[in-house]
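Trainee: Predicted model, plus sequence, below.
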Amino acid sequence: MNLPKEFKYSEEHEWVKEEGDKVRIGITDFAQSELGDIVFVELPEEGDEVEADEPFGSVESVKTVSELYAPVTGKVVEVNEELDDSPEFVNESPYEKAWMIVVEPSNKEEMDELMTAEEYEEMVSED
Amino acid sequence: MTTEYHDLIFERSQPGRTGASLPDSDVDAVDVQKKFAGHLLRDQPAELPEVDELQVVRHYTALSRKNHGIDNGFYPLGSCTMKYNPKINEDMANLDGFQFVHPYQPEETVQGSLQLMHELQEDLAEITGMDEVTLQPSAGAQGEWTGLMMVKAYHEQKGESRKKVLIPDSAHGTNPASATVAGFETVTIPSNEEGLVYVEELKKYVDDDTAALMLTNPNTLGLFEKDIVEIASIIHEAGGLLYYDGANANAILGKTTPGKMGFDIVHLNLHKTFTTPHGGGGPGAGPVGVKEKLIPYLPVPRIEKQGETYVFNSEYPQSIGRVKGYYGNFGMFVRAYTYIRTMGAEGLSEVSESAVLHANYLLKKLEPYFDVPYQQVCKHEFVISGARQKKLGVRTLDIAKRLLDFGYHPPTIYFPLNVEECMMVEPTETESKETIDAFAHVLGEIAREVEEEPEKVLEAPHTTVVGRLDEVQAARKPVLRYMSDKTQES
């Protein structure tokens, strides 16, 4: 399973990459392979507030529409607008080209609630 | 040599060819260029196909033969109740007195039609255990929305603005969609390990902001929510209402009613349980029944019997108003009424017995080949999982495609969302034992192929006119109208 060691992971299959005061967020390789071909990604706008464990957007595949749950609370400072035209990035490059949003977390402690790559791998292999 | 007629009708077009000779016009021609403002006129002439009558007949006959419907094959599409629609329904709907009435005719000239609608309302009220029914909504989802608008009106009348609609995670996708369109927030209630509403968990979500709980019973897993009476009292004690999604009504006819279970509002899909045409646009019909406390909010005009006369009555100031042009899809009412009256109460009760028996029989036959996530007696449908096959590199989608080679419409796949690699199978009461046996045999064969010759499944379908269509490209870059080379160039 492709899971970068330096990232953290949420139960709802988002990855979180710390970049100084900010975090970059996307969905895991496992999530994209479960969803199948992604045809549409709906994201918030810059300046929106997201709340941990609450939906911040959705991804639509040929099979289903799934909500995206924010791993942390904070303000959206960057949005990957390329996913509008190229939703296939989510399948092709879930950890790089298909980052979804960058958030300025308002509560750093929420980061401690997230899982390590090993813990996440254990969770999805139990399913 | 057989001509296959794969072409689009546009590709058959020859300049000047025509299928009809029209008489000379006896009115003066109008110059559209002068009559209408420029922005209302087309830039280019419409590209209509120029073909003769026989070409039209062959083209559409060929298309219809490529189609799959209940009249030419088994169609176990879970949650859709693809049962046989008796032809007597069509005979009745085609009677001149029904076929040629106009919605603007004076009431006294359409008494028969009004009587049929009124009696259908009464029949559906009895079948669902409700006090009053509206026939207006044109399909299940519109019925849901109509019901939720009544929920809203009911709470507002009491001076409350409740915002939350609770919906189990196994619900039909239309439930949260309808609730959102009606202006509510949806809250997802998790299922327990038996596939039923988690009652203890539900209690945590219910409060004085709960407008309603939407529930399908039996649920989308084909399982009966046995705690429904307790669930109903939890919601009612908090001042909320219970909405019954009638998509699965085929399982309970004459056995129980949503009214007995404690529901306040019900929609029915006439195109599922009551044998009106389904698929290809139906059109559908989604009547909604309510308990007494919600009657004031029903859509108008209501159809009532006053003395010996049937009338439209719009004198209900608290009504949510009209939800559909005219009075609903009337042709469907004739068919559903015909079905109910030809079956009778006992017949309808047998419908559900057979539907449940067939589903359980088929489930048993499939158990050796597929994972069964919920080991219980099912109602009219059940879910199995392709998890075992997925480990071998073959997904449920591939199994569904392989079924096409055997002339079957595949079951519903990847729904409900809480079951991995899900297949949702609903054989319906109208299929014979031989048909069900043959289908079970084929699925067993496919399970064997997955183990022994997986390419055969992965590359399916092999026998259809077209193979795997590019669903991804169709969703990402849909082509929504025909464009000839000529149009594309300009």
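Mentor: Right, received. Where do you want to start? Numbers count the residues shown, from 1 in each chain, chains lettered A, B, ... in the order given.

Trainee: for the helix ranked longest in chain A, the distance to its chain's centre please.
Mentor: Under DSSP state H, the helix in chain A containing the largest number of residues is helix A:117-126. In terms of Cα atoms, centre = their mean, to the nearest Å, the centre of helix A:117-126 is found 16 Å from the chain centre.

Trainee: quick one: contacts of it?
Mentor: A:1, A:3-5, A:7, A:9, A:11, A:13, A:28, A:30, A:115 (Cβ atoms under 8 Å, 6 or more residues apart in numbering or on different chains). C-beta: built from backbone N, CA, C; applies to glycine.

Trainee: CA atoms only: put it into CSV for me.
Mentor: C-alpha atoms of helix A:117-126 as CSV (Å, rounded to 0.1, in the frame of the first residue of the first chain):
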residue,chain,number,x,y,z
ALA,A,117,1.0,5.6,8.1
GLU,A,118,1.3,2.3,10.1
GLU,A,119,-1.8,2.9,12.1
TYR,A,120,-3.8,3.8,9.0
GLU,A,121,-2.5,0.7,7.1
GLU,A,122,-3.6,-1.4,10.1
MET,A,123,-7.1,0.2,10.0
VAL,A,124,-7.7,-0.4,6.3
SER,A,125,-6.5,-4.0,6.4
GLU,A,126,-8.9,-4.8,9.2
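
Trainee: For that helix, what does the pLDDT average out to?
Mentor: Average pLDDT, helix A:117-126: 91.

Trainee: before we move on, the earlier item: farthest-separated two in the contacts of helix A:117-126?
Mentor: By the measure Cβ to Cβ, A:5 and A:11 form the most distant pair in those, at 18.7 Å.

Trainee: Which positions are bridged to the spatially most central residue of chain A in the beta structure?
Mentor: Nearest residue to the geometric centre of chain A (Cα atoms, centre = their mean): residue A:26, 2.6 Å. With beta bridges defined as DSSP bridges, residue A:26 has these partners: residue A:15.

Trainee: where does residue B:165 land in three-state SS?
Mentor: Of the three states, residue B:165 takes strand according to DSSP: H, G, I helix; E, B strand; the rest coil.

Trainee: Surely it and residue B:179 touch.
Mentor: Yes. Assessed by Cβ atoms under 8 Å, residue B:165 is found in contact with residue B:179 at 4.1 Å.

Trainee: List the residues that are in contact with both of these two.
Mentor: Contacts common to residue B:165 and residue B:179, judged by Cβ under 8 Å, 6+ apart, are B:148, B:185-186, B:214.

Trainee: Those in helices, which ones?
Mentor: Per DSSP H, the shared contacts of residue B:165 and residue B:179 map to helices at residue B:148.

Trainee: Just the buried residues out of the shared contacts of residue B:165 and residue B:179, in ChimeraX syntax.
Mentor: Restricted to buried positions by 16 or more other Cβ atoms under 10 Å in any protein chain shown, the ChimeraX selection for the shared contacts of residue B:165 and residue B:179 reads:
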select /B:148,186,214
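
Trainee: wait, which of the shared contacts of residue B:165 and residue B:179 is closest to residue B:66?
Mentor: Of the shared contacts of residue B:165 and residue B:179, the one sitting nearest to residue B:66 (Cβ to Cβ) turns out to be residue B:214, at 37.7 Å.

Trainee: Pick out the residue in the stretch 101-250 of chain B sitting closest to chain A.
Mentor: Closest contact between the stretch 101-250 of chain B and chain A, by Cβ to the nearest Cβ, is at residue B:173 (7.9 Å).

Trainee: any idea which helix or strand carries residue 102?
Mentor: Here I'm looking at chain A. strand A:101-105 (DSSP states H and E).

Trainee: um, chain B though
Mentor: Under the criterion DSSP H and E, no helix or strand holds residue B:102.

Trainee: ok, for the closest residue to chain A within the stretch 351-490 of chain B, nearest residue in space, not its chain neighbours?
Mentor: The minimum distance from the stretch 351-490 of chain B to chain A, using Cβ to the nearest Cβ, falls at residue B:475 (3.7 Å). In space, and not counting its chain neighbours, residue B:475 is closest to residue A:39: 3.7 Å by Cβ to Cβ, 6 or more residues apart in numbering or on different chains.

Trainee: what about the residue in chain A that chain B sits nearest to, which helix or strand?
Mentor: Here the residue of chain A nearest chain B is residue A:39; by Cβ to the nearest Cβ that distance is 3.7 Å. Assessed by DSSP H and E, residue A:39 sits inside strand A:38-42.

Trainee: now the strands for chain A?
Mentor: A:8-9, A:14-19, A:22-27, A:38-42, A:49-50, A:55-61, A:65-69, A:74-79, A:101-105 (DSSP state E).

Trainee: Would you reformat those strands as TSV and include distance to residue B:294?
Mentor: Putting the strands of chain A into TSV (distance: least, Cβ to Cβ, whole Å) gives the following:
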stretch	distance to residue B:294
strand A:8-9	47
strand A:14-19	42
strand A:22-27	42
strand A:38-42	35
strand A:49-50	38
strand A:55-61	31
strand A:65-69	31
strand A:74-79	42
strand A:101-105	43
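
Trainee: closest to residue B:107 out of the ones you listed?
Mentor: Taking the strands of chain A one by one with Cβ to Cβ, strand A:65-69 is closest: 45.4 Å.

Trainee: Which neighbouring elements make contact with that closest one?
Mentor: Contacts defined by 3 or more Cβ pairs under 8 Å, 6 or more residues apart in numbering or on different chains; DSSP states H and E place strand A:65-69 against strand A:55-61.

Trainee: mind listing what's buried in stretch B:124-134?
Mentor: So for stretch B:124-134, counting by 16+ other Cβ under 10 Å, buried means B:124-125, B:127-130, B:132-134.

Trainee: what's the average pLDDT for that stretch?
Mentor: Mean predicted lDDT for stretch B:124-134 stands at 98.

Trainee: Could you tell me the end-to-end distance of it?
Mentor: 10 Å (Cα to Cα, to the nearest Å).

Trainee: Quick one: residues in contact with it.
Mentor: B:120-122, B:146, B:244, B:246, B:249, B:253-254, B:257-260, B:263, B:265-266, B:268, B:287-292, B:295, B:298-299, B:302, B:323, B:340, B:348.

Trainee: Now go through those residues and say which are in helices.
Mentor: Using DSSP H, the contacts of stretch B:124-134 in helices are B:120-122, B:146, B:258-260, B:340, B:348.

Trainee: Which of the residues you listed sits closest to residue B:192?
Mentor: For these, the nearest to residue B:192 is residue B:258 (21.9 Å; Cβ to Cβ).

Trainee: is it true that the closest one touches residue B:244?
Mentor: Yes. At 3.9 Å, residue B:258 and residue B:244 qualify as touching, with contact defined as Cβ under 8 Å.

Trainee: By average pLDDT, which secondary structure element in chain B comes out worst?
Mentor: helix B:485-489 (a mean of 65; mean pLDDT, DSSP states H and E).

Trainee: For the residue nearest to residue B:475, which residues are in contact?
Mentor: By Cβ under 8 Å, 6+ apart, the contact set of residue A:39 is A:60-62, A:87, B:472, B:475-476.

Trainee: ok, of those, which one's closest to residue B:380?
Mentor: Relative to residue B:380, and with distances defined as Cβ to Cβ, the nearest of these is residue A:62, at 27.5 Å.

Trainee: Give me the neighbour count for the closest one.
Mentor: Counted with other Cβ atoms under 10 Å in any protein chain shown, the neighbours of residue A:62 add up to 17.
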